[in-house]
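> here are the coordinates; sequence isn't available:
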């Protein structure tokens, strides 16, 4: 028959309960003090009345997260890949770069049109990031500084 509610409840050592649905994952979290968080495709709702709202774009990808205090994080995509996450309140940004090429053990470049690999993660201009190289074992290398876009790199704007 029809079954509504969690299929499983996991109780952590501190008494926090996690209600789990086999298709959706964790659907609710209940803290030892009784405050609960309900997770859904549209956001997170607390038993205190606060909500975190998720807004999707036309493709069904996460477009925005809006916190209870109005803080908004905006997500940008290119060809279905996340390329930037921006906190509009703080001005902080996280950028991402991808490739469909990987290096084999013999350092031969192989193209794989069916897979996309994350290769660069960087923050605001002037801050560092990480470069990811794929091979037999993926390697992560620190990037000391993000030079920013062409305009910042060429010195065409003042900071």
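Structure's in. What do you need? This one's a predicted model, so the numbers in the text were calculated from it and none came from an experiment.
> and residue 38, what is it in contact with?
27-28, 44-46 (Cβ atoms under 8 Å, 6 or more residues apart in numbering). No exception for glycine: its C-beta is placed from N, CA and C like everyone else's.
> Residue 96 now?
81-84, 118, 120-121.
> Could you do residue 63 as well?
So residue 63 contacts 55-57, 74-75 (Cβ under 8 Å, 6+ apart).
> Excluding chain neighbours, give the residue nearest to it in space.
Take residue 63 and drop its neighbours on the chain: the residue closest to it by Cβ to Cβ, 6 or more residues apart in numbering is residue 57, 4.2 Å away.
> How about residue 50?
That would be residue 68: by Cβ to Cβ, 6+ apart, it lies 4.2 Å from residue 50.
> which residue ranges form the helices in this protein?
Taking DSSP state H as the test, the helices found in the chain are 150-153.
> what separates the residue nearest to residue 91 when sequence neighbours are not counted from residue 85, distance-wise?
Spatial nearest neighbour of residue 91, chain neighbours left out: residue 124 (7.5 Å); criterion: Cβ to Cβ, 6+ apart. Distance of residue 124 to residue 85, computed by Cβ to Cβ, to the nearest Å: 12 Å.
> Are there residues contacting both of these two? Which ones?
Here residue 124 and residue 85 share the contacting residues residue 93, scored by Cβ under 8 Å, 6+ apart.
> Is it correct that residue 20 is in contact with residue 29?
No - applying Cβ atoms under 8 Å as the test, residue 20 and residue 29 come out as separate, 10.2 Å apart.
> quick one, which of those two is more surrounded?
The residue with more neighbours, out of residue 20 and residue 29, is residue 29; 18 against 15, by other Cβ atoms under 10 Å.
> For the more buried one, list each beta-bridge partner.
Counting by DSSP bridges, residue 29 is bridged to residue 18, residue 37.
> so what's it up against?
Here residue 29 is in contact with 16-19, 36-37, 39 (Cβ under 8 Å, 6+ apart).
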